[in-house]
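Peer 1: Got a sequence here, can you model it:
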Amino acid sequence: MQHDLQLRAAAREIYDACYPGDGWSPLAFDEAERFGTIHYRQAVGAAQRARHAFASRNTQCELFERG
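Peer 2: As a prediction, this is how the structure comes out:
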(Lines give C-alpha, C1' and ligand atoms only; values in the text may rest on other atoms or scores of the structure.)
Protein backbone atom coordinates (compact mmCIF):
# COMPACT_ATOMS: atom_id res chain seq x y z
CA MET A 1 0.00 0.00 0.00
CA GLN A 2 3.03 2.26 0.00
CA HIS A 3 2.15 3.48 -3.50
CA ASP A 4 -1.15 4.98 -2.26
CA LEU A 5 -0.05 7.50 0.34
CA GLN A 6 -3.53 8.91 0.98
CA LEU A 7 -4.99 5.48 1.65
CA ARG A 8 -2.05 4.62 3.92
CA ALA A 9 -2.48 7.87 5.85
CA ALA A 10 -6.20 7.20 6.28
CA ALA A 11 -5.50 3.64 7.45
CA ARG A 12 -2.97 4.96 9.96
CA GLU A 13 -5.49 7.45 11.37
CA ILE A 14 -8.16 4.77 11.63
CA TYR A 15 -5.70 2.35 13.21
CA ASP A 16 -4.55 4.91 15.78
CA ALA A 17 -8.14 5.91 16.60
CA CYS A 18 -9.40 2.34 16.96
CA TYR A 19 -6.34 0.82 18.59
CA PRO A 20 -4.95 3.64 20.75
CA GLY A 21 -2.61 1.63 22.91
CA ASP A 22 -1.12 -1.67 23.94
CA GLY A 23 -4.42 -2.77 25.44
CA TRP A 24 -5.99 -2.80 21.98
CA SER A 25 -3.09 -3.81 19.76
CA PRO A 26 0.42 -4.71 20.89
CA LEU A 27 2.02 -3.23 17.75
CA ALA A 28 2.39 0.28 16.40
CA PHE A 29 0.98 0.92 12.92
CA ASP A 30 4.30 0.49 11.08
CA GLU A 31 4.94 -2.89 12.69
CA ALA A 32 1.36 -4.01 12.17
CA GLU A 33 1.71 -3.04 8.50
CA ARG A 34 4.93 -5.00 8.16
CA PHE A 35 3.41 -8.12 9.69
CA GLY A 36 -0.03 -7.69 8.10
CA THR A 37 -1.91 -8.10 11.36
CA ILE A 38 -5.68 -8.35 11.56
CA HIS A 39 -5.78 -4.90 13.15
CA TYR A 40 -3.88 -3.46 10.19
CA ARG A 41 -6.08 -5.23 7.65
CA GLN A 42 -9.21 -3.95 9.38
CA ALA A 43 -7.89 -0.37 9.30
CA VAL A 44 -7.04 -0.67 5.59
CA GLY A 45 -10.48 -2.07 4.85
CA ALA A 46 -12.12 0.79 6.74
CA ALA A 47 -9.99 3.32 4.84
CA GLN A 48 -10.99 1.75 1.52
CA ARG A 49 -14.67 1.81 2.45
CA ALA A 50 -14.39 5.43 3.61
CA ARG A 51 -12.72 6.46 0.36
CA HIS A 52 -15.48 4.77 -1.62
CA ALA A 53 -18.15 6.45 0.51
CA PHE A 54 -16.59 9.89 0.04
CA ALA A 55 -16.34 9.34 -3.70
CA SER A 56 -19.96 8.27 -3.98
CA ARG A 57 -22.22 11.05 -5.12
CA ASN A 58 -25.21 9.64 -3.25
CA THR A 59 -23.31 9.59 0.01
CA GLN A 60 -22.34 13.23 -0.40
CA CYS A 61 -25.94 14.20 -1.06
CA GLU A 62 -27.13 12.24 1.97
CA LEU A 63 -24.60 13.97 4.19
CA PHE A 64 -25.76 17.40 3.07
CA GLU A 65 -29.42 16.48 3.51
CA ARG A 66 -28.85 15.31 7.10
CA GLY A 67 -27.25 18.62 8.13
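Peer 1: Could you list the low-pLDDT ranges of the chain?
Peer 2: For the chain, applying pLDDT under 70 flags the ranges 1-2, 57-67.
Peer 1: Go again with 80.
Peer 2: For the chain, the stretches flagged by pLDDT under 80 are 1-2, 56-67.
Peer 1: any chance you could map the helices in it?
Peer 2: Under the criterion DSSP state H, the chain contains helices at 5-18, 29-35, 38-55, 57-66.
Peer 1: I'd like those as a markdown table, with mean neighbour count appended.
Peer 2: In this view, the C-beta of every residue, glycine as well, is placed from N, C-alpha and C. Shown next, in a markdown table, are the helices of the chain (neighbours: other CB atoms under 10 Å):
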| stretch | mean neighbour count |
| --- | --- |
| helix 5-18 | 16 |
| helix 29-35 | 15 |
| helix 38-55 | 15 |
| helix 57-66 | 9 |
